[in-house]
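Enquirer: got a structure for you, letters missing:
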Ligand code: PLP
């Protein structure tokens, strides 16, 4: 059998529009008619398949995008949500009840961290944060109440790589679900193929790639995705983070170019970090041989898509970090903005923005200094020109 390749899976999708269009038609309806009243009852009871009821539940456009995402991640099924946080929170709350516990990586997106640290305890769901690159720490944190192990493939913002294969084994041995946030590395990693139970993404980032919308996805088994949409107990159905079908349709078209974009982001990041590292600057990038999990990543990744488009420069102080970002924006190297995965370079200082939810002492413990600048490199064609500009501005900041 041919080896799994996420780009081939997307290329092989054959979706026709209602009138033979080369893109599927967009559903412009919130609700759906039934010819027979009994069929509607059957849909509510979960006995009738293939009918649409109401767009918060499912609609054909969201179904197309979901099926494409399941193909990309190699999972049985998938769902689309109105944001990455909608996807993460729906998946977690579907699994956990009061009294349950989570073991999570400590270096994760600040919103996910805040949800676990501050919000879930309201429901008596508590999280132990550990260094998931240290498997002994993960094992030691698991209790009989643990239901979920959570990590990001390439963590935000420290770019640590967790060993998904080993975490999956630990999860299985302890009857837990391994949830992996693959936002930083679509196509680069196929976490479900490495043993993860559930893969989530903020599609706001690379998958859509245009910085024009907010969206998320959960990719998992049929059973899990169906449970999210159960009319009586599904978090997606009852909390309602539904993605608008017009957005779904535009994300589906952007998904068709994701493989080319990921390769360009990765080769640009590798070019810049190799040169800036040789120049003696403090750079974090998993593609550099000096990165502590470089070999772990090489073992797990789909190599042709590279090491990703994110890297970090440590400017030591927040003043220097801010000055560098302002200079780079003035020179149109990119935009001083949160988020990532865009066609245009975006940079921010996570200590004062996307990771500010993480308490200072924990940020220190994970090496997240206030001087860090996280750069999501765009699809720049002349990357040598970009390198010269960044180097010039770093030198000017001193
Ligand atoms: N996961 C990661 C790794 C992120 O970086 C983000 C947002 O920055 C999210 C999840 C949340 O996604 P969204 O902003 O689409 O809700």
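Expert: Perfect, thanks for sending it. Only a predicted model underlies this, so the values are computations on that prediction, with no experimental measurement involved.
Enquirer: Now the phi/psi pair for the spatially closest residue to residue 126 that is not a sequence neighbour, please.
Expert: Using C-beta to C-beta, 6 or more residues apart in numbering and skipping residues adjacent in sequence, the residue nearest residue 126 is residue 101, 5.3 Å away. The way it works is simple: take the backbone N, C-alpha and C, and place the C-beta from them, glycine included. Dihedral pair for residue 101: phi -140, psi 160, per degrees, to the nearest 10.
Enquirer: ok, residue 101 to the ligand distance?
Expert: Going from residue 101 to the ligand by C-beta to the nearest ligand atom, to the nearest Å gives 21 Å.
Enquirer: count of neighbours near that residue?
Expert: 20 (other C-beta atoms under 10 Å).
Enquirer: thought it was touching residue 125?
Expert: Yes - judged on C-beta atoms under 8 Å, residue 101 makes contact with residue 125 at a distance of 7.0 Å.
Enquirer: For residue 229, give me its contacts.
Expert: 57-58, 79, 236-237 (C-beta atoms under 8 Å, 6 or more residues apart in numbering).
Enquirer: One more pass at 6 Å, please.
Expert: 57, 236-237 (C-beta atoms under 6 Å, 6 or more residues apart in numbering).
Enquirer: Show me which of these is closest to the ligand.
Expert: residue 236 (14.4 Å; C-beta to the nearest ligand atom).
Enquirer: helix or strand for residue 311, which one?
Expert: Using DSSP states H and E, residue 311 sits in strand 310-314.
Enquirer: which other residues reach that strand?
Expert: Counting by C-beta under 6 Å, 6+ apart, 184, 269, 273, 281-285, 371-376 sit against strand 310-314.
Enquirer: Can you pull the domain assignment for this structure?
Expert: As given by automatic domain parsing, the domain ranges for the chain are 6-255, 258-397.
Enquirer: how long is the first one from one end to the other?
Expert: Domain 6-255 has an end-to-end distance of 11 Å (criterion: C-alpha to C-alpha, to the nearest Å).
Enquirer: follow-up on the earlier one: mind listing which of the contacts of residue 229 are in strands?
Expert: Among these, no residue falls in strands (DSSP state E).
Enquirer: Compare the residues you listed and tell me which is most surrounded.
Expert: Result: residue 236 is most packed of these (other C-beta under 10 Å), 28 neighbours.
Enquirer: tell me the secondary structure for the nearest residue to residue 135 once chain neighbours are set aside?
Expert: Counting by C-beta to C-beta, 6+ apart, residue 135 lies nearest to residue 166, which is 5.4 Å off, once chain neighbours are set aside. Classification of residue 166 by DSSP: H, G, I helix; E, B strand; the rest coil places it in helix.
Enquirer: phi, psi of residue 375?
Expert: Per degrees, to the nearest 10, the backbone of residue 375 is at phi -120, psi 130.
Enquirer: Tell me where the protein has strands.
Expert: Going by DSSP E, the chain shows strands at 77-81, 101-105, 126-130, 146-152, 177-181, 198-202, 216-220, 283-284, 310-314, 335-336, 346-348, 372-376.
Enquirer: now the last one: mean pLDDT?
Expert: Mean pLDDT, strand 372-376: 96.
Enquirer: Residues contacting that strand, please?
Expert: Taking C-beta under 6 Å, 6+ apart as the rule, strand 372-376 contacts 157, 309-315, 321, 324, 340, 346-351.
Enquirer: Just want the angle from that strand to strand 310-314.
Expert: For strand 372-376 against strand 310-314, the angle by axes from the mean of the first three to the mean of the last three C-alpha atoms, to 10 degrees is 160 degrees.
Enquirer: Please give the centre-to-centre distance between strand 372-376 and its chain.
Expert: Strand 372-376 sits 17 Å away from the centroid of its parent chain (C-alpha atoms, centre = their mean, to the nearest Å).
Enquirer: Same question for the third one.
Expert: Mean-position distance between strand 126-130 and its chain equals 20 Å (C-alpha atoms, centre = their mean).
Enquirer: the inter-axis angle of that strand versus strand 101-105?
Expert: 30 degrees.
Enquirer: ok, is stretch 298-317 in contact with the ligand or not?
Expert: No - Stretch 298-317 stays clear of the ligand (C-beta under 6 Å from any ligand atom), getting no nearer than 9.6 Å.
Enquirer: re earlier: from the contacts of strand 310-314, pick the one nearest the ligand.
Expert: residue 184 (6.0 Å).
Enquirer: Identify the residue of the stretch 151-300 of the chain closest to the ligand, quick one.
Expert: Closest point on the stretch 151-300 of the chain to the ligand, by C-beta to the nearest ligand atom, is residue 202, at 3.0 Å.
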